[in-house]
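Participant: everything below, folded, please.
(one chain, ligands or ions: 1)
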Amino acid sequence: METIDFLSSHGDLLLDSAFKKITTIRIGGPIKYLVSPFDMNRLKLIITYLKEEGIAFKMVGRGSNMVCGDGMYDGCVIKLEHLDHYEFQDDGKLYVEAGMVVPRLANVLATQGLSGLEFASGIPGTIGGLIFMNAGAYKVEMKDVIDSVLVFRDGEFVWLSNEECEFAYRRSIFHKHLDWVIVACKLKVERGDREKIKALMADRQQRRRNTQPLDKPSVGSCFKNPDSDYAWRYIDGVGLRGYRYNGIEVSEKHPNWLLNVKEATAQDFIVTSNFIKDRVKSAYDVDLVMEVELFNC
Ligand SMILES: Cc1cc2nc3c(=O)[nH]c(=O)nc-3n(C[C@H](O)[C@H](O)[C@H](O)COP(=O)(O)OP(=O)(O)OC[C@H]3O[C@@H](n4cnc5c(N)ncnc54)[C@H](O)[C@@H]3O)c2cc1C
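Facilitator: Coordinates of the predicted model:
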């Protein structure tokens, strides 16, 4: 069976998409195949097929931590848009599929008076992407709320415990196994006061609006915070707040955010981030490490 026929019989298939259409910073070239499997079993069939055919694949959630190259991606991007179910379980845990968008889930939980995801209500990714990154805010990370993760690896579905996910600062075991697919998870949530949960989320949203340039395309923070201080403070210290290179601008509001202000390319992003790294290294002897992933660059 032809690849197009196979993929379109197991998911929604797009042949004219591009990374600039599916990432929050709106950068990146055309994608040969973009498929959203209809369900978990179809996901399994698609991955197995792609591996057998030697076709590269890349999981993408909301593309909120990725800057992708401007050239064609000659492989298959898989999005889990149809895997977004959730279910409260008898043991009190919340089962959630990996394609669920996190701010939406946080709102659902808040409405039901369930606490646990308040920290993540402003992180614009999917459960899969947040687990991959061990995303966090306000000193809480995914590792604090994950009970276990369902993974498709080496042809089978396997549950990994929290410890087995090897969570660390913006890292997890999934960085070492790029062909593993996060399919679902169980979250630890607790009953709380609905009004307090909502108030906390509203407060966090306001803090974000005050300190982050949410009105421009970005991937959030570009660099991880070194142990010594916040990355933004080093970037500010070398005078790069507001610096502009082609379509990329170092945010005036938050210098660790690089914004796509005018049809930026991946190259613009790379040149700017390398320039920042060099300036910070010479001034402070600090090695800034990228938090955002460069893909197909
Ligand atoms: C406005 C804004 C605010 C942000 N604030 C924060 C913040 O406060 N804290 C924070 O930590 N981050 C923040 N981020 C960054 C980003 O939202 C997080 O890194 C998030 O975890 C990425 O989720 P995603 O679904 O968009 O993943 P993507 O960017 O789509 O993917 C990220 C990585 O995860 C992999 N991946 C995605 N889904 C799967 C899956 N199902 N199985 C296997 N691998 C998968 C991808 O292949 C890729 O390598 C922010 C970004 C923006 C744009």
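Participant: quick one: the helices in the stretch 151-297 of the chain, in order.
Facilitator: 194-211, 231-237, 266-284 (DSSP state H, counting those that start in this stretch).
Participant: out of those helices, deepest packed?
Facilitator: helix 231-237 (a mean of 20; mean count of other CB atoms under 10 Å). For the C-beta atoms, the positions are set from N, CA and C on the backbone; glycine is no exception.
Participant: same for that one, what does it pack against?
Facilitator: For helix 231-237, the helices and strands in contact under the criterion 3 or more CB pairs under 8 Å, 6 or more residues apart in numbering; DSSP states H and E are helix 266-284.
Participant: got any ranges where the stretch 51-200 of the chain has weak pLDDT?
Facilitator: Per-residue confidence of the stretch 51-200 of the chain (counting by pLDDT under 70) places no residue in a weak region.
Participant: got the buried residues for the host helix or strand of Leu13?
Facilitator: For Leu13, the enclosing helix or strand under DSSP states H and E is strand 11-14. Taking 16 or more other CB atoms under 10 Å as the neighbour-count basis, strand 11-14 is seen to contain the buried residues Gly11, Leu13, Leu14.
Participant: also stretch 33-51?
Facilitator: By neighbour count, with 16+ other CB under 10 Å as the criterion, the buried positions of stretch 33-51 are 33-37, 40, 42-47, 49-50.
Participant: and if you look at stretch 19-31?
Facilitator: For stretch 19-31, burial by neighbour count (16+ other CB under 10 Å) applies to Phe19, Lys20, Ile22, Thr23, Thr24, Ile25, Arg26, Ile27, Gly28, Gly29, Pro30, Ile31.
Participant: hmm, who's touching that stretch?
Facilitator: Contacts of stretch 19-31 with the rest of the structure, by CB atoms under 8 Å, 6 or more residues apart in numbering, involve 14, 16-18, 34, 60, 62-64, 66-73, 77, 79, 124, 217-219, 260, 264-266, 269, 295-296.
Participant: same check on stretch 146-155?
Facilitator: When contacts are taken as CB under 8 Å, 6+ apart, the neighbours of stretch 146-155 outside the stretch itself are 43-44, 47-48, 93, 131, 157-162, 165, 167, 177, 179-188.
Participant: touching the ligand at all, it?
Facilitator: No: between stretch 146-155 and the ligand, judged by CB under 6 Å from any ligand atom, nothing touches; the nearest distance is 8.0 Å.
Participant: which positions in that stretch come out as buried?
Facilitator: Ile146, Asp147, Ser148, Val149, Leu150, Val151, Phe152, Arg153.
Participant: any idea what the fourth one is bridged to?
Facilitator: Here Val149 sits in beta bridges with Leu160, Cys185, going by DSSP bridges.
Participant: from the contacts of stretch 19-31, list the buried ones, please.
Facilitator: Those of those that meet the buried threshold are 14, 17-18, 34, 60, 62-64, 66-70, 73, 77, 79, 124, 217-219, 260, 264-266, 269, 295-296, by 16+ other CB under 10 Å.
Participant: same for the ligand: which of those are within range?
Facilitator: Contacts with the ligand within the buried ones among the contacts of stretch 19-31, counted by CB under 6 Å from any ligand atom: Val60, Arg62, Gly63, Ser64, Met66, Pro124, Ser218, Val219.
Participant: out of the contacts of stretch 146-155, which are buried?
Facilitator: Of all these considered here, the ones buried according to neighbour count by 16+ other CB under 10 Å are 43-44, 47, 93, 131, 160, 162, 165, 167, 180-187.
Participant: show me what contacts the residue nearest to Asn246 when sequence neighbours are not counted?
Facilitator: Distance criterion CB to CB, 6 or more residues apart in numbering; nearest residue to Asn246, sequence neighbours excluded, is Asp268 at 4.2 Å. Asp268 makes contact with Tyr245, Asn246, Gly247, Ile248, according to CB under 8 Å, 6+ apart.
Participant: cool, Val145 as well?
Facilitator: Here Val145 is in contact with Gly116, Leu117, Leu187, Lys188, Val189 (CB under 8 Å, 6+ apart).
Participant: let's see which of those residues end up in strands.
Facilitator: Restricting those to those inside strands, with DSSP state E as the criterion, leaves Leu187, Lys188.
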